[in-house]
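S.K.: kindly generate the corresponding structure for this input.
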Amino acid sequence: MVIDTVCTYCGVGCDISFKLEHGQIIKAFAKKEGTVSQGKLCIKGRKGWEYLYSPYRIRKPRIRKEFIEKHSELFPENIKNRLDTLVDFDTEFYEADFELAYDITAWKLNQIRKKYSPYAIAGIGGARTSCESSYFFQKFIRKYIGSPHIDNCARVCHSPSLKGMRTTIGEGAATNPFDDIYKAEFLIVIGSNTTEAHPIVANRILDTVRNGTPLAVIDVREIPLSKFASYHLTIPFEANLLVLNMMARVIIEERLYNEEFINKRVKGFNEYREKLLNDPYTDPSLFRKIRGYEELEEKIRTVARKYATSKSMILWGLGITEHIDGSYSVMALTHLALLTGNIGKEGAGLMPLRGQNNVQGTCDMGCLPYYGPDYTTPEEIGLMTPDIIDAVLEGKIKAIYNIGEDIAHIHTNQNKIHRALKQLEFLVVNEIFPNEITGYADVIFGVKSAYEKEGVYVNAERRLHLSQPVIQSDLPDDWEVLNEIAKRMGVSSDYSSTEEVWNEVRREAPERFSGASYEKLKENRLRGLQWPVKETDTPVLHIEKFRTPDGYGRFHYKQWDKRGMVKELLEGGSFDDFYLTTGRNLIHYNNAAQTRECRSLISKVSEDTVFVSIHDRERLHNARKVILKSKYGQTETLPVRYVDWLKKGTLYTTFHFAKSKINFLFGDEADSFVKTARFKSVKVKVIPVH
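M.R.: Numbers count the residues shown, from 1 in each chain. The predicted structure is shown next:
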């Protein structure tokens, strides 16, 4: 027996097929006719399903013993009468049946809402679940609870892509399908280690490069793609906007811009050009003064010329967005496309490589404090996740409902977050495994994983796939948990199926999803459909006009702020500390909640490692273990590997394992618009451990 569904790890969102015997999964593979996978899967696709059989799955609701003791006299009689059904799970939690857990959760949420106000409750998470559950979650918080405070994991990844792209071209999503990589004449990959984070997209890049298409890689380090690139630019930390503005200047000064396209489709060019040409930080010759990066002057000019004179596509990842100027850097990327007309046609465009399997869909569903479904303006704009944490510490928010977002591990300033979580009056978590956030929860609901349910997922190219259960589970879906709680809170909420929720999405978000019926999605199980879906789907956006109110694109210039590594190098300093950046490895995913429960994966990589330049080996006395320390916190002791793909004074590490405490190193510095944290640059001291 073979069942086709969708892989639910990274934003590539591959079609995936499972072979079963006697109801057990034998193997995962991809069919050659699969549009996204092209018949190939990465190791997480091939082996990342093993967690389904882990003994550590959360099968029954868990309720904190301390919470029960604290409220035992306050509970209504219908709850008090069933407390003797609670069963010891461990020293901290009881196990309960779902009915009791629903009743307790509904009672406590109603109590907090009545005692303080609906604004004392917030929702965080959702991108690890389906569109139906993400939609229901934002409705639950906004309509049923009455709070505007709803957010998701885009806050730590691609919110700047949404902000930057909507500001300039009216839509915060990929303009073209992955397969347009094959139609491009020139590719730029910036701030994305694509082979590790989005390997099936990297396959396409490598295919085109082998067929002669030139590739430019721009990063703070060399990555595997660099070996295949015609141009590799190792840039200083926090210099994305600097470099991109320099590229735009070369295009303007050498009159390589598409004047006809600009006149017809873009506003604000003259003001943009004047600001750019009068900005002292846009001249590539600045790099003559930056020790160790002198070669960038000519490389920037060469890449800019090649981009402007070719049908070109830009792909980027969190190396662009996770900075204090992430949104402005995304705007700078769109400026390059607007200057040259490399948008609104096949083989060109802009490709933000989304991190989570459904982060695009979750944002489309309105799981953001400032957007409702279809990116409409909500009745009231709520708090972003960092502000929610601050509001907890200020005593304004008393309860958080969390779905699949391990904020006690993967967000910055963990010392602060842990303080806030301890201060909460009530924390509810929907999860499939215990992790850092469940350790703080009062109620934990075990829920279905993506391979156990039906639902829509939207990948990084706007492609909808409809999942179907691979194995059977008697656990509820996320939306079903919320639905049961809502009914007990006195809300008339009685959805009977996931499809019923999706049909409401189609009505509430018609611009993107009105034509995407389950029937049509089932017919296109291996291909999927790219939104907007009306009668047909839409592979390429912005062909005739941009998705702004008046149809025009816009330039929004921002000068790069002199800071960090570049400032130190320009001023002749030789910094004693190191600069650290973070990222994924191929084997694990995000907080490793699922991948560490897959024997084939955890056996390959079971800890985070600090990668150090071979040029710093002597400086660290060839230390094999180190502690990293910033002004915000420090890591545990970590193993070291010395490599030749990092420049002197720079470090790289993954963040998959909570025990490493990598995210204790980062503070509250974040994007100025959307508060996405500066994960990709922090100054640290390296303490050798002998």
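
S.K.: output the below-cut-off pLDDT ranges for the protein.
M.R.: Applying pLDDT under 70 to the chain flags residues 574-575.

S.K.: mind naming the longest helix for it?
M.R.: When the chain is parsed with DSSP state H, its longest helix is helix 98-115.

S.K.: so which bits of that one are buried?
M.R.: Of the residues in helix 98-115, those with enough neighbours to count as buried (16 or more other CB atoms under 10 Å) are 98, 100-109, 111-113. Placement of C-beta: from N, CA and C, glycine included.

S.K.: do stretch 565-575 as well
M.R.: For stretch 565-575, a neighbour-count test (16+ other CB under 10 Å) marks 565-566, 568-569 as buried.

S.K.: of these, which pair is most distant in space?
M.R.: Largest separation among those by CB to CB: Val566 and Glu568, giving 7.3 Å.

S.K.: for the buried residues of stretch 565-575, which one is nearest Asp668?
M.R.: Met565 (20.1 Å).

S.K.: which other residues reach the helix or strand containing that closest one?
M.R.: Assessed by DSSP states H and E, Met565 sits inside helix 564-570. Outside of helix 564-570, the residues within contact range by CB atoms under 8 Å, 6 or more residues apart in numbering are 236-239, 242, 289-293, 562, 575, 579, 681, 683.

S.K.: need the helices for the stretch 201-350 of the chain, in chain order.
M.R.: 240-253, 259-265, 269-277, 296-308, 318-321, 326-340 (DSSP state H, counting those that start in this stretch).

S.K.: from the ones you listed, which stretch is densest packed?
M.R.: Among those, helix 318-321 has the highest mean neighbour count (mean count of other CB atoms under 10 Å), at a mean of 29.

S.K.: by contact count, what packs against that helix?
M.R.: Counting by 3 or more CB pairs under 8 Å, 6 or more residues apart in numbering; DSSP states H and E, the packing neighbours recorded for helix 318-321 are helix 159-169, helix 326-340, strand 578-583.

S.K.: ok, back up a step: can you redo the buried residues of helix 98-115 as JSON lines with distance to Ser492?
M.R.: Below are the buried residues of helix 98-115 laid out as JSON lines (distance: CB to CB, whole Å):
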{"residue": "Phe98", "distance to Ser492": "21"}
{"residue": "Leu100", "distance to Ser492": "22"}
{"residue": "Ala101", "distance to Ser492": "21"}
{"residue": "Tyr102", "distance to Ser492": "16"}
{"residue": "Asp103", "distance to Ser492": "18"}
{"residue": "Ile104", "distance to Ser492": "21"}
{"residue": "Thr105", "distance to Ser492": "18"}
{"residue": "Ala106", "distance to Ser492": "14"}
{"residue": "Trp107", "distance to Ser492": "18"}
{"residue": "Lys108", "distance to Ser492": "21"}
{"residue": "Leu109", "distance to Ser492": "17"}
{"residue": "Gln111", "distance to Ser492": "21"}
{"residue": "Ile112", "distance to Ser492": "21"}
{"residue": "Arg113", "distance to Ser492": "17"}
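
S.K.: surely Ala420 is in a strand?
M.R.: No. Under DSSP: H, G, I helix; E, B strand; the rest coil, Ala420 falls outside any strand and is assigned helix.

S.K.: thinking again about what came up before, what's the longest helix of the chain packed up against?
M.R.: helix 77-80, strand 121-125, strand 399-403, strand 426-431, strand 443-446, helix 478-488.

S.K.: in contact with the residue lying closest to Asp15 once chain neighbours are set aside, which residues?
M.R.: Spatial nearest neighbour of Asp15, chain neighbours left out: Gly34 (3.8 Å); criterion: CB to CB, 6 or more residues apart in numbering. Applying CB under 8 Å, 6+ apart to Gly34 gives the contacts 14-17, 526-527.

S.K.: what's the distance between Gly34 and Arg463?
M.R.: Going from Gly34 to Arg463 by CB to CB, to the nearest Å gives 11 Å.

S.K.: before we move on, the earlier item: quick one: the longest helix of the chain to chain centroid distance?
M.R.: Chain-centre distance of helix 98-115: 31 Å, with CA atoms, centre = their mean, to the nearest Å.

S.K.: what angle sits between it and strand 426-431?
M.R.: Orientation check (axes from the mean of the first three to the mean of the last three CA atoms, to 10 degrees): helix 98-115 against strand 426-431 gives 140 degrees.

S.K.: which residues touch helix 98-115?
M.R.: 60-61, 63, 71, 74-76, 78-79, 82, 85-86, 96, 120-121, 145-146, 398-399, 401, 425-426, 428, 442-443, 445, 476, 481, 484-486, 488-490.

S.K.: mind running it again at 7 Å?
M.R.: 61, 63, 75-76, 78-79, 82, 85, 120-121, 145, 398-399, 425-426, 428, 443, 445, 476, 484-485, 488-489 (CB atoms under 7 Å, 6 or more residues apart in numbering).

S.K.: repeat for stretch 611-620
M.R.: Taking CB under 7 Å, 6+ apart as the rule, stretch 611-620 contacts 626, 640-644, 646-653, 686, 688.

S.K.: just the C-alphas of that stretch, formatted as PDB.
M.R.: The C-alpha trace of stretch 611-620 is given here as PDB (Å, rounded to 0.1, in the frame of the first residue of the first chain):
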ATOM      1  CA  PHE A 611      33.000  25.800  14.000                       C
ATOM      2  CA  VAL A 612      36.100  28.000  14.200                       C
ATOM      3  CA  SER A 613      38.400  29.300  11.500                       C
ATOM      4  CA  ILE A 614      41.700  27.300  11.200                       C
ATOM      5  CA  HIS A 615      43.300  30.800  11.500                       C
ATOM      6  CA  ASP A 616      42.100  31.000  15.100                       C
ATOM      7  CA  ARG A 617      43.300  27.600  16.200                       C
ATOM      8  CA  GLU A 618      46.600  28.900  17.700                       C
ATOM      9  CA  ARG A 619      44.700  31.800  19.300                       C
ATOM     10  CA  LEU A 620      42.500  29.300  21.100                       C
END
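
S.K.: in that stretch, what's buried?
M.R.: So, applying 16+ other CB under 10 Å, buried residues of stretch 611-620: 611-613, 616, 619-620.

S.K.: next: stretch 68-85.
M.R.: Going by 16+ other CB under 10 Å, stretch 68-85 has these buried residues: 68, 71, 75, 79, 82-83.

S.K.: Serialize those residues to JSON lines and add fields for distance to Asp671 and secondary structure.
M.R.: Listed next are those as JSON lines, based on distance: CB to CB, whole Å; DSSP: H, G, I helix; E, B strand; the rest coil:
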{"residue": "Ile68", "distance to Asp671": "41", "secondary structure": "helix"}
{"residue": "His71", "distance to Asp671": "40", "secondary structure": "helix"}
{"residue": "Phe75", "distance to Asp671": "43", "secondary structure": "coil"}
{"residue": "Ile79", "distance to Asp671": "44", "secondary structure": "helix"}
{"residue": "Arg82", "distance to Asp671": "47", "secondary structure": "coil"}
{"residue": "Leu83", "distance to Asp671": "46", "secondary structure": "helix"}
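
S.K.: ChimeraX command to pick out the buried ones of the contacts of helix 564-570?
M.R.: Those of the contacts of helix 564-570 that count as buried under 16+ other CB under 10 Å are selected in ChimeraX with:
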select :236,237,238,239,242,290,293,579,681,683
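
S.K.: residue contacts, Trp645?
M.R.: 221-222.

S.K.: now do the SS call for it.
M.R.: Quick answer, by three-state DSSP: Trp645 is coil.

S.K.: against Asn193, how distant is it?
M.R.: For Trp645, the distance to Asn193 - CB to CB - is 11 Å.

S.K.: one more: Ser600?
M.R.: 22 Å.

S.K.: next one: Thr676
M.R.: Applying CB to CB to Thr676 and Asn193 gives a distance of 18 Å.

S.K.: more neighbours: which of the two?
M.R.: Higher neighbour count among Thr676 and Asn193: Thr676, with 30 against 25, using other CB atoms under 10 Å.

S.K.: shouldn't the more buried one be in contact with Arg155?
M.R.: Yes. Taking CB atoms under 7 Å as the definition, Thr676 is a contact partner of Arg155 at 6.2 Å.
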